[in-house]
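In: sequence first, then the predicted structure:
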Amino acid sequence: MMKKLTTGWRYLKEHSRLRRFFIIGLYLVLTGGLIINYGLLNRQTAKNDDTPLNSYQSFSGDNSAQGVKLVQRQYSPTKQRLIATFEVQASTDPTTEILSQYLHFELATVLPQKLKMVVIPVTENKYVVMVDHLNQNFEAIRFRLINATPKTDQTSSSAPQADFIVTNQAKIRRAQVSALSPKAFASQTINDEISARNTSIKRQQNKIKLAKTAISADHDKIQTKRTNRKYEVASQQTQTDNDIETLTGDIEQNQQNITGAKHRISTLKAEQALLKKKQTAIRNGTFKLAKVTKSTQITHKN
């Protein structure tokens, strides 16, 4: 074998022109191979790109305007836990509204893994999904949300669905992920929602306080202008009347703001009551969290 290689190289040395062609050809073959290989790897990676956060995805085959978005994703390689939060777009049509009992979740991974997924319906529009036993080399995971709402005009045999891809990225590895049990985590998540509504209530109460202060100031200004009006010439009285009209309009607007804020507070308190009710049901076991104990497999072709 070595003798043949030595003879071939000697032949190329004696034929410089042929040697140049051989070297150029070898370079093109190697370069072309690298380009093709890079292209294949690049295409393979692109097929599992992350779904953008806070971007509504529509359900395929669904004519309604209601969509769903991924708002948060966290992963801990030490705990082997991934937490994803989804929000369903609020529906303006109650006939097409997606209720929690009709929103199903399916899980798929590139690399076969035995996973455990728990779905926590925090509210009718917000869902937290906890995935356990997810190895750090998971590469990519797909959440498939299925809208199983019964429809009389559904032409397709398959229910509308929306897919979300989360890849194994460093930016989600650094996230702080809770080590609580699914039931305890669900209770804590709901408690966070209750606290968030407390913050909103305080904001509305402050809005009422500011509006009342503005109304009081407007009344004082109106009283002062009415007192001084009798000492003004006609042109000044016309301007004063216009000012009083403007101030009266401002009072009416602030009164509407107070009414709106009070209504918002009532809604927030009602939501808190429902959240506390659900929290109690989760703690005593009367509210069952949806669980998925197996996942399918996705490939780069999917």
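Out: Happy to help now that I have it.
In: three-state assignment of the residue nearest to residue 143 when sequence neighbours are not counted?
Out: Sequence neighbours aside, residue 164 is the residue nearest to residue 143 in space, at 4.5 Å (criterion: C-beta to C-beta, 6 or more residues apart in numbering). For glycine as for every other residue, the C-beta is placed from the backbone atoms N, C-alpha and C. What DSSP: H, G, I helix; E, B strand; the rest coil gives for residue 164 is strand.
In: count of neighbours near residue 164?
Out: Other residues within reach of residue 164, judged by other C-beta atoms under 10 Å, total 22.
In: so what's it up against?
Out: 51, 57, 70, 84, 86, 142, 143, 144, 145 (C-beta atoms under 8 Å, 6 or more residues apart in numbering).
In: least confident secondary structure element in this structure?
Out: Ranked by mean pLDDT, DSSP states H and E, the weakest helix or strand in the chain is helix 16-46, scoring a mean of 49.
In: and the next helix or strand after that one, how far out from the chain middle?
Out: Downstream of helix 16-46, the first helix or strand assigned by DSSP states H and E is strand 57-58. Mean-position distance between strand 57-58 and its chain equals 11 Å (C-alpha atoms, centre = their mean, to the nearest Å).
In: contacting residues around the very next helix or strand once past strand 57-58?
Out: Next in sequence after strand 57-58, counting helices and strands by DSSP H and E, comes strand 67-76. Strand 67-76 has contacts (C-beta under 8 Å, 6+ apart) with 51-59, 81-89, 134, 143, 145, 162, 164, 166, 168, 172-173, 175-177.
In: what does stretch 203-219 give?
Out: Here stretch 203-219 makes contact (C-beta under 8 Å, 6+ apart) with 247-248, 250-251, 254-255, 257-258, 261-262, 264-265, 268.
In: okay, helices next: where are they in the stretch 101-250 of the chain?
Out: Assigned by DSSP state H, counting those that start in this stretch, the stretch 101-250 of the chain shows helices spanning 170-173, 182-229, 234-284.
In: which one, of those, ends up nearest to residue 95?
Out: Evaluated over the helices of the stretch 101-250 of the chain, closeness to residue 95 peaks at helix 234-284, with 22.4 Å, by C-beta to C-beta.
In: quick check: which helices or strands does that closest one pack against?
Out: The elements that helix 234-284 packs onto, with contact taken as 3 or more C-beta pairs under 8 Å, 6 or more residues apart in numbering; DSSP states H and E, are helix 182-229.
In: what's the mean pLDDT across the helix it packs on?
Out: Helix 182-229 shows a mean pLDDT of 94.
In: likewise stretch 106-114?
Out: Here stretch 106-114 scores 86 as its mean pLDDT.
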